[in-house]
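Engineer: Here's my sequence, what's the structure:
(one chain, ligands or ions: 1)
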Amino acid sequence: MEPTTIVLFGATGDLAKRKIYPALYNLYVEGKLPEPFSLIGLGRRDWSDGRFKDAVAQSLEEFSRRKAQDAGKLQSFLDAFRYSVLDIGREEDYQRLLSLVEKREEELRMPPNRLFYLSVGPEYFEPIAANIQKSGLGSANGWKRLVIEKPFGHDLRSARELNKKLSKSFTEEEIFRIDHYLGKPMVQRLESLQQGNPVIQALWDNRYIANVQITASETVGVEERAGYYDHVGAVRDMFQNHMLQLLMMTAIHVPHDSSAETVRFKKKGIMEALELVQKEDVHASVVRGQYAAGAIGGKPVPGYTSEPGVMPGSQNDTFIAAKLMIDNNLWRGVPFYIRTGKRMKEKSTRIVVEFKEPVKQALAANEDGTSPNLLVIEIGPNEGFKLQINAKEPGRDGRFKPIQIELQPNEADAPEAYENLIYDALRGDSTFFAHWDEVEMSWQWVQPVLDAFEENLVPLYPYEAGSYGPAAADELLARDGYRWWSGD
Ligand code: BG6
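Structural biologist: Numbering: from 1, shown residues only. This next block holds a predicted model:
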């Protein structure tokens, strides 16, 4: 890995503290950071280098999966950190930043490879990118990369505008859009599941698969984020990005080659084949819900509109379920059902692949005891695979009964999503980042849904906190003869 300077905007913020510093430290301990590396933290607060290093050390104490027990190691890690005050709109501040970056590059005898990590609100992406360009920070004789976090736009139009502006300063190859779901170890294993297992590879299409169910349920409510969440809802917060990325990662076929180019090409193919829904028809394939009062783990919790900061009478969606169809030869006829919501029964991200039931059809009886074969992929917080198959009880007249084979990858100390993603960004591997084509096509699918919500063409169903969402989400599958396979 080439020596690199990480220029971190938003260095005093919450994401940096909770995710970025712990991830960097764990990479450092594992010898997975560039040698040497330099990190320049930027924020509005008037901090000294010492104050900054203390804050980083504190964040490791609180949030790192590995505590910094070795004082010498911690010290040498922190030696790489410097701080500079920066007002995002002030050009002079970028000049000062440039001098500091160059000074450190000289001290450490590093080439000018610079990774700009924007851990700031999306309204700052464009001015920062433009100032990087203008100040000369981005035009040195090494490589430059831009790492940004969602949201990438608020709708299709704003996403396109943002991308146009960013592309004035960075090429697509230089932009690394983080979707932290793509960093989750089980999501990164999805392709190897096919690659390493001909038995799964052979079954991965519409000849054998009846439907695919992707659920990301959370037990938390809006927390302290109403100012943000009340304007975006589950559709923008989770569906447009994480959920559609999970759909792409499940549907692609990459049996032999999982290079970044191939994965991107295949994901793009899936999005191109995704059937778009007209605004007027959204109600038939999309269910929206909002949590009402209920109980989580036996503890009563208020309904969404009683949460602090939520607008009175808010029509915001805290739950969305949808049926999506991929119109290509491999997936035609196989519904992909997606649901995500806050204040649901369990915290779980899970993909369930339900296989067709030729035995049931052959026996033409519903008393045979069989249940569909299921492949359950637990993405988080538990990780693992489960395969449900039918076994016959002994004796000629024995009935079938489903049994489950569980495979729990034994990784107590698995890296966190941010470790995987930062490591890849430093190496320049873009496999697990969202390409603009994917982002744009995701918004294309979502836009009619946003319009239908806006114009109230889709009912907003209340659901009890602590449930699996509104009954309408069950009906969405029941109409096709299926049911959601949940954890219980
Ligand atoms: C974030 C959303 O992207 O993902 C949050 O903004 C959500 O609202 C979170 O809680 C869920 O992530 P995870 O990794 O806990 O499933």
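
Engineer: Please count neighbours and contacts with C-alpha atoms only from this point.
Structural biologist: Will do.

Engineer: could you show me where the helices are in the stretch 1-150 of the chain, in order?
Structural biologist: Secondary structure of the stretch 1-150 of the chain by DSSP state H, counting those that start in this stretch: the helices cover 14-15, 21-29, 49-63, 71-78, 91-107, 125-135.

Engineer: deepest of the ones you listed, which one?
Structural biologist: Of all the helices of the stretch 1-150 of the chain, helix 21-29 has the most neighbours on average by mean count of other CA atoms under 10 Å, namely a mean of 22.

Engineer: domain ranges for the chain?
Structural biologist: 4-149, 182-355+433-482 (the TED database).

Engineer: on that earlier part again, to Asp257, which of the helices of the stretch 1-150 of the chain lies closest?
Structural biologist: helix 21-29 (26.6 Å; CA to CA).

Engineer: How about residues contacting the closest one?
Structural biologist: 33, 56, 59-60, 63-66, 73, 77, 416, 418-419, 422-423 (CA atoms under 8 Å, 6 or more residues apart in numbering).

Engineer: now that helix, how far from the chain's geometric center?
Structural biologist: 20 Å (CA atoms, centre = their mean, to the nearest Å).

Engineer: Please export the C-alpha coordinates of that helix as PDB.
Structural biologist: The C-alpha trace of helix 21-29 is given here as PDB (Å, rounded to 0.1, in the frame of the first residue of the first chain):
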ATOM      1  CA  TYR A  21     -10.800   6.400  14.500                       C
ATOM      2  CA  PRO A  22     -11.600   2.900  15.900                       C
ATOM      3  CA  ALA A  23     -11.400   1.500  12.400                       C
ATOM      4  CA  LEU A  24      -8.100   3.200  11.700                       C
ATOM      5  CA  TYR A  25      -6.600   2.000  14.900                       C
ATOM      6  CA  ASN A  26      -7.700  -1.600  14.300                       C
ATOM      7  CA  LEU A  27      -6.200  -1.400  10.900                       C
ATOM      8  CA  TYR A  28      -3.000   0.000  12.300                       C
ATOM      9  CA  VAL A  29      -2.700  -2.800  14.900                       C
END
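
Engineer: check contacts around Gln240.
Structural biologist: So Gln240 contacts 442-443, 446 (CA under 8 Å, 6+ apart).

Engineer: Show me which of those is closest to Ser306.
Structural biologist: Val446 (27.6 Å).

Engineer: Which of the helices or strands spans the closest one?
Structural biologist: Applying DSSP states H and E as the criterion places Val446 in helix 436-454.

Engineer: distance between the ends of stretch 466-486?
Structural biologist: With CA to CA, to the nearest Å applied, stretch 466-486 spans 14 Å between its terminal residues.

Engineer: And the pLDDT at the most centrally placed residue in the chain?
Structural biologist: Centroid-nearest residue in the chain, with CA atoms, centre = their mean: Tyr181, separated by 2.7 Å. Turning to Tyr181, the model gives it a pLDDT of 97.

Engineer: Can you tell me how far it is from Tyr468?
Structural biologist: From Tyr181 to Tyr468 the distance is 21 Å (CA to CA).

Engineer: can you redo the helices of the stretch 1-150 of the chain as a markdown table with mean pLDDT and distance to Leu374?
Structural biologist: Listed next are these as a markdown table, based on pLDDT from 0 to 100; distance: least, CA to CA, whole Å:
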| stretch | mean pLDDT | distance to Leu374 |
| --- | --- | --- |
| helix 14-15 | 94 | 37 |
| helix 21-29 | 96 | 35 |
| helix 49-63 | 96 | 36 |
| helix 71-78 | 92 | 46 |
| helix 91-107 | 96 | 53 |
| helix 125-135 | 95 | 43 |
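
Engineer: ok, back up a step: which one among the contacts of Gln240 gets closest to Val187?
Structural biologist: Nearest to Val187 among these, with distances taken as CA to CA, is Ser442, at 18.3 Å.

Engineer: quick one: that closest one from Val449, how far?
Structural biologist: Where Val449 is concerned, Ser442 sits at a distance of 11 Å (CA to CA).

Engineer: on that earlier part again, quick one: neighbours of the closest residue to the residue nearest to the centre of the chain other than its chain neighbours, just the number.
Structural biologist: Leaving aside its sequence neighbours, Tyr181 sits nearest to His242 (CA to CA, 6 or more residues apart in numbering; 5.8 Å). As a burial measure, His242 scores 19 neighbours (other CA atoms under 10 Å).

Engineer: His242 against Ile178, yeah?
Structural biologist: No: look at His242 against Ile178 with CA atoms under 8 Å: they stay out of range, at 10.3 Å.

Engineer: still on that earlier bit, which helices and strands does the helix holding Val446 pack with?
Structural biologist: helix 156-166, helix 260-273, helix 282-285 (3 or more CA pairs under 8 Å, 6 or more residues apart in numbering; DSSP states H and E).

Engineer: can you list the ones you listed in TSV and add mean neighbour count and distance to Arg332?
Structural biologist: What follows is the helices and strands packed on helix 436-454, written out as TSV (neighbours: other CA atoms under 10 Å; distance: least, CA to CA, whole Å):
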stretch	mean neighbour count	distance to Arg332
helix 156-166	16	26
helix 260-273	19	9
helix 282-285	17	16
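
Engineer: any idea which helix or strand comes after the helix or strand hosting Tyr337?
Structural biologist: Here Tyr337 is covered by strand 335-341, with elements defined by DSSP H and E. Using DSSP H and E, the helix or strand that follows strand 335-341 in sequence is strand 348-355.
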